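**Student:** Please work out how this folds:
(chains A, B and C)
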Amino acid sequence: MPESYVELYFPVFLQVLIAMAVAGGMIGGSYLLGRKVKNRIKDTPYECGITPTGSARGRFSVKFYLVAMLFILFDIEAVFLYPWAVVYRELKLFAFVEMFIFIVLILCGFFYIWKKGALDWSQQERPPEER
Amino acid sequence: MSQYYTATDHFVLVPAIMLALFGCAILLFDFWVFPEPKQRKWLLAFLALGEAFAGYGLWQQHTYIAGQGIAELTAFQGSLVVDGFSLFFNWMFIAAASIVALMSYRYLEVEGEHHGEYYSLILLAQCGMYFLASGADLITLFVGLELMALCFYIMVGFLRSDKRSNEAAMKYLLLGGFSSGFLAYGFSLLYGLSGSTKLSEIGVAIARRDPADPVLLLAMVTTTVGLLFKISAVPFHMWAPDAYEGAPTTVTAYLSVGSKAASIAFLLRIFLGPLASARAAWEPLLVFAAIASLTVGNLAAISQHNIKRLLAYSSISHAGYMLLGLVAGNETGIKGVAVYVLVYTFTNLGVFLVIVALRREGLVGDNIDDLAGLMHKSPGYALLMLICLLSLAGIPPTAGFIGKYYIFLSLIQAGRYVLAAAAALYVAVAIYYYFRIVRSMFMSDAEDAGAMETTFGVRVAAALTGLGTLGIGIFPEPFLRFAGQSLIR
Amino acid sequence: MLHPITPAHYLILSAALLLIGTLGVLSRRNIIIILMSIELILNAVNINLITFSRLFDQVNGQVFAIFVITVAVAEAAVGLGILLAMFRNKETVQADEIDLLKW
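**Tutor:** The predicted model follows:
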């Protein structure tokens, strides 16, 4: 048994040291051994080999926010499924009916945003009074 | 029905089920069955149907409780409770939501933001209020509070193209979310102190603790801060004037009566339930908040030109009176708070109704000068406004007098003469700024001769609020008896 | 000697989070960061609840924490929605540039 926190966390400390040594070694090694070429192509941001387009400071479409908001709302409903799954065997039919009602309520919300066009990605920006 | 969902559970839950069901139905029917703008009156009819079903469920609970002669009916292992207290407040919520819905139709048409979601939000907010009035468990109360608050955030920002409405919603959301966080922190400590989320078990555990326990004090202070935010008592009132001014007027009306009444119910449940034994610790805080609310509310109201902002400050001062009833703490005081909230509901709805009725194309109607010469234009509404303002100031024979009378009586019975004198002093200040509105209505000449355009719904709502304000003032006995039954034992 | 991590440690952590969140709400100007600070406060609540739940060996606290998480998300979503509406009209996310109503 480890006797103190220093001893307990020594492996973690060791791992941090090794990770730093490896990372530093790779960067330092390529700096020392590699050929240095400087041109415009080398200075562009690396985007998986594809030529970058547009400015990185461009604004995102407001649709991203909308979809992110809706995603997190529907995503978080799954949190209720975990405790439900744990007690399902115990509660049997009751749990099934309860979750059925819950899912129906969520589907209500889903139909609502669907029909309101919030999921319609291709649609052009509408004038403010229609949104 | 199973052992996890008994007939009693269902019986207690019916009004909330109805409110949620019709709320969701209106949301779907808005684009599904009644997509045309002209068909929106059917959505209003659906709201009325939802209220009727909820009211029927409530009526059955009422007769069952009275018939069996029992004090309370608990359900879901004690998470929900139906007693005189919850029934009293729920009847009030039904009245408030119905009156608000009646006055909303034309107002939203004029504002150009008439959507079915509005009626759905009214019902869902009321569903949250139901859980606030009848919840007896920290989780139920917290979820109910947030359900109500989230609906109100959206409703306050309902005029999407109006910058002031956006701003009001944003401020309300930021401060509301902040206060909910504090409240939840207090709740988590209460759970930690007692090992239970049931209010009754928390009460037992807290009574056994040393009242000077620092964790208990921290729990109490954070809970109190959260609750005072919700009822907009000073020093946590900053959101109220902005939210009241920026919100659509009908929403302001709903916010000022529905949200306030539900928060007061919530506050009474917490302070008279689990925290009752720590009274010595929270009483000074509430005395301070009450006196500060009376001072800031009344003095700031004097200099306001926007009538919605003036009413926001007046509502802050009314929160102070309600807190005084709780401070007195005797039976008269709690009964006084219940009556006060009831009276305030009808009276404030009446005042806002007149402002809503004034709104038409080209006239916002929320400035005191907009009321000028109302007596000559439409005497009926001027009279309603006069009655309601008298009631807000607490002058007999209106209902407001009954509410204030019981608060003062309870303070005197409890030997709090200084508090009673201070509260009485502020009535004089209140009369001054309420009469500024009256003077504008009766003494000045109208700036424009345009007549008021009202609808059947607005007229019905006007009759209801007027009758409520005068009726409770002239025949207070049945209401007092009802409020007397609603005490938390 | 190993000192075990006691509930008190968790409570101090949650109190610190509450304090950081409160300071964030009171001092930051960007509305998104204020919303994040509110989330911090609610996470302080969750740490408390889970600690007590483990201490008492019961599930009430965990259930409460799940509801708090849901509520926090709903609040953030509504907040972002209102922020979007405000940004369309006003083009700002700074709290002190919201000044049409006296703050």
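
**Student:** Now the one residue sitting closest to the centre of chain C: closest residue in space, sequence neighbours ignored.
**Tutor:** Closest to where the C-alpha atoms of chain C average out (Cα atoms, centre = their mean) is residue C:39, at 2.3 Å. Closest residue to residue C:39 apart from its sequence neighbours, by Cβ to Cβ, 6 or more residues apart in numbering or on different chains: residue C:72 at 5.7 Å. The way it works is simple: take the backbone N, C-alpha and C, and place the C-beta from them, glycine included.

**Student:** Name all residues that make contact with the one you found.
**Tutor:** Contacts for residue C:72 (Cβ atoms under 8 Å, 6 or more residues apart in numbering or on different chains) come out as C:38, C:39, C:42, C:43.

**Student:** And residue A:129, what's its pLDDT?
**Tutor:** With respect to pLDDT, residue A:129 scores 43.

**Student:** mind pulling up the phi and psi values for residue B:195?
**Tutor:** Backbone geometry at residue B:195, expressed as degrees, to the nearest 10, gives phi 70, psi 20.

**Student:** which ones are touching it?
**Tutor:** Shown in contact with residue B:195 (Cβ under 8 Å, 6+ apart): B:201, B:205, C:52, C:56, C:58.

**Student:** The helix or strand of chain A at the bottom of the mean pLDDT ranking - contacts with which helices or strands?
**Tutor:** Of all helical and strand segments in chain A, the minimum by mean pLDDT, DSSP states H and E falls on helix A:40-43, at a mean of 76. Contact partners of helix A:40-43 among helices and strands, from 3 or more Cβ pairs under 8 Å, 6 or more residues apart in numbering or on different chains; DSSP states H and E: none.

**Student:** Quick one: name whatever helix or strand follows that helix.
**Tutor:** helix A:62-77 (DSSP states H and E).

**Student:** right, is that next one up against chain C?
**Tutor:** Yes: Helix A:62-77 lies within reach of chain C by Cβ under 8 Å from any Cβ of the partner chain, at A:62, A:65, A:66, A:69, A:70, A:72, A:73, A:76, A:77.

**Student:** Pull the distance from the helix or strand just after that helix to the chain's centre.
**Tutor:** Once the chain leaves helix A:62-77, the next helix or strand it forms, by DSSP H and E, is helix A:81-91. Relative to the centre of its chain, helix A:81-91 is centred 27 Å away, using Cα atoms, centre = their mean, to the nearest Å.

**Student:** if we can go back for a sec, which one of the residues of helix A:62-77 next to chain C is nearest residue B:298?
**Tutor:** residue A:69 (41.5 Å; Cβ to Cβ).

**Student:** Would you confirm that that closest one contacts residue C:79?
**Tutor:** No: contact criterion Cβ atoms under 8 Å: residue A:69 and residue C:79 do not qualify, at 9.5 Å.

**Student:** out of the residues of helix A:62-77 next to chain C, which are buried?
**Tutor:** Neighbour counting with 16 or more other Cβ atoms under 10 Å in any protein chain shown marks A:66, A:69, A:70, A:73, A:76 as buried within the residues of helix A:62-77 next to chain C.

**Student:** per-residue confidence for the residue nearest to residue C:39?
**Tutor:** On pLDDT, residue C:72 comes in at 94.

**Student:** ok, now residue B:332?
**Tutor:** According to the prediction, residue B:332 has pLDDT 89.

**Student:** Quick check: residue B:61 vs residue B:232, distance?
**Tutor:** Here residue B:61 is placed at a distance of 30 Å from residue B:232 (Cβ to Cβ, to the nearest Å).

**Student:** Tell me which of the two has more neighbours.
**Tutor:** Set residue B:61 next to residue B:232 and count neighbours by other Cβ atoms under 10 Å in any protein chain shown: residue B:232 wins out with 28 against 21.

**Student:** contacting residues around the more buried one?
**Tutor:** With contacts defined as Cβ under 8 Å, 6+ apart, residue B:232 is in contact with B:239, B:240, B:260, B:312, B:315, B:316, B:319.

**Student:** near chain C, which residues of chain A?
**Tutor:** Close to chain C, as judged by Cβ under 8 Å from any Cβ, chain A has residues A:2-5, A:8, A:62, A:65-66, A:69-70, A:72-73, A:76-77, A:79-80, A:83, A:128.

**Student:** Fine, thanks again, bye for now.
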